[in-house]
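1. coords please:
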Amino acid sequence: MHSLESLHNRIGEAFSSTMFDQEPFQLYQPIVYTLDLGGKRLRPVLVLMSCDIFGGEIETAVYPAMGVEIFHNFTLLHDDIMDNAPLRRGNATVHQKWDTNTAILSGDTMFVIAYEHVAKTDPLLLPQVLNLFNDTARKVCEGQQFDMNFETQPNVTIPDYMTMIRLKTAVLIACSLKLGAVLAHAGEADAEKIYDLGIELGLAFQLQDDYLDAFGETSKFGKAIGGDIATNKKTFLFIKAFELAKDNTLVKLTDFYSDKEITLTEKIAGIIKIYRKLNIDKITRLEIERHHGKAMEILKTFHFEPAKTREMVGLMQEMLGRER
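-> Residues are numbered from 1 along each chain as shown. Model (predicted):
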């Protein structure tokens, strides 16, 4: 079995040896910049790790794994435009560093490059791989649309929100795990089961992102703290707070989100204070742990030898306790 470090290194080598800086410079330089911002490259590592666990040869999964990562970064690039986010991984977002039109076009090109990499797979498996990737790409877009709908939708429930993050975030993590299984020629039942594991892991991962937006640190998180609060984003924390707030607390919460005269600093600090008063931090952590626990239970059903899944268990724990 390959170690987590060796899988990270293999993905790093693959990206380092691939030339993305073509002409026209103005189109490709933002792509190079985006891919060089780093991140943990979690999704391509999950592709290789799943392939390895199911007895496949990880070299056959390197290009498709790169494709998943390029696609993920494309979605972040466009997501940052929609959110007008100033920072990504502690650096200026592409639309801030260049301009919006450049960010849109470079993102579109990344989408094409992602397909080129995913298509570099065993021809016998290509229809199955492309069906999985196409289904995932469509669902991610559906999730983003639901997220945008929530901006003007007055009543968003926790089930609504969980459906949205399942599509927007969790399906790509699930796709990564299933893709690795498919490339290792795993059976259909096992491929579906590892996909289900990925859904639970992805839900925990996004909830952790929500949590860190309010309770993390900019230097570790890589994004400005309170970004979701500043934009009135209907996250798990937002919805749960309005569910639980009563009387004067509800009035204060509503005022913070609606009063245009309140500065952003006051708004973020005030809402985080209310979140703590309502134990939203603890409630969110419990929800993260619940989905993470379900993912761990699914992993146990494979009855792999502990040595075979040690690295995956470690990575899943790292995702639960991540700070950025």
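2. CA atoms for contacts and neighbours, from now on please.
-> Will do.
3. Could you verify that residue 185 is part of a strand?
-> No - counting by DSSP: H, G, I helix; E, B strand; the rest coil, residue 185 is not part of a strand but coil.
4. ok, so what distance separates the nearest residue to it once chain neighbours are set aside from residue 147?
-> Using CA to CA, 6 or more residues apart in numbering and skipping the chain neighbours, the partner closest in space to residue 185 is residue 56 (7.3 Å). Using CA to CA, to the nearest Å, residue 56 is found at 37 Å from residue 147.
5. For residue 188, give me the pLDDT.
-> Note on residue 188: pLDDT of 96.
6. number of nearby residues for it?
-> Residue neighbour count, defined by other CA atoms under 10 Å, stands at 11 for residue 188.
7. which residues touch it?
-> By CA atoms under 8 Å, 6 or more residues apart in numbering, no residues touch residue 188.
8. ok, residue 294 touching residue 200?
-> Yes - Residue 294 is in contact with residue 200 according to CA atoms under 8 Å; the separation is 6.5 Å.
9. The two: who's more crowded?
-> Each of residue 294 and residue 200 has its neighbours counted (other CA under 10 Å); residue 200 has more, 24 against 17.
10. do you know how far that one is from residue 183?
-> Separation of residue 200 from residue 183 (CA to CA): 22 Å.
11. repeat for residue 28
-> Taking CA to CA, one finds residue 28 at 30 Å from residue 183.
12. more crowded one of these two?
-> Shown here are residue 28 and residue 183; by other CA under 10 Å, residue 183 has more neighbours (27 against 20).
13. Which parts of the stretch 51-200 of the chain are helices?
-> Secondary structure of the stretch 51-200 of the chain (DSSP state H, counting those that start in this stretch): helices located at 62-83, 94-97, 100-118, 126-150, 158-165, 171-183, 188-215.
14. Check which helices and strands the first one sits against.
-> For helix 62-83, the elements it packs on are helix 4-16, helix 25-36, helix 42-53, helix 94-97, helix 100-118, helix 171-183, judged by 3 or more CA pairs under 8 Å, 6 or more residues apart in numbering; DSSP states H and E.
15. deepest of these, which one?
-> For these, the largest average neighbour count (mean count of other CA atoms under 10 Å) is found in helix 171-183, namely a mean of 29.
16. elements contacting it?
-> Secondary-structure packing of helix 171-183 (3+ CA pairs under 8 Å, 6+ apart): helix 42-53, helix 62-83, helix 126-150, helix 188-215.
17. Closest to the centroid, which residue in the chain?
-> For the chain, the residue nearest the mean C-alpha position is residue 169 (4.7 Å; CA atoms, centre = their mean).
18. Show the pLDDT at the nearest residue to residue 179 once chain neighbours are set aside.
-> Counting by CA to CA, 6+ apart, residue 179 lies nearest to residue 47, which is 6.1 Å off, once chain neighbours are set aside. Per-residue confidence (pLDDT) for residue 47: 98.
19. same deal with residue 40?
-> pLDDT recorded at residue 40 is 84.
20. A strand includes it, no?
-> No - counting by three-state DSSP, residue 40 is not found in a strand; it is coil.
21. circling back: phi, psi for the residue nearest to residue 185 please.
-> Main-chain torsions, residue 56, degrees, to the nearest 10: phi -90, psi 170.
22. Could you double-check that it sits in contact with residue 183?
-> Yes - if you go by CA under 8 Å, residue 56 and residue 183 touch, sitting 6.9 Å apart.
23. need the helices and strands packed on helix 171-183 in TSV with distance to residue 33, can you?
-> Formatted as TSV, the helices and strands packed on helix 171-183 follow (distance: least, CA to CA, whole Å):
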stretch	distance to residue 33
helix 42-53	18
helix 62-83	11
helix 126-150	23
helix 188-215	23
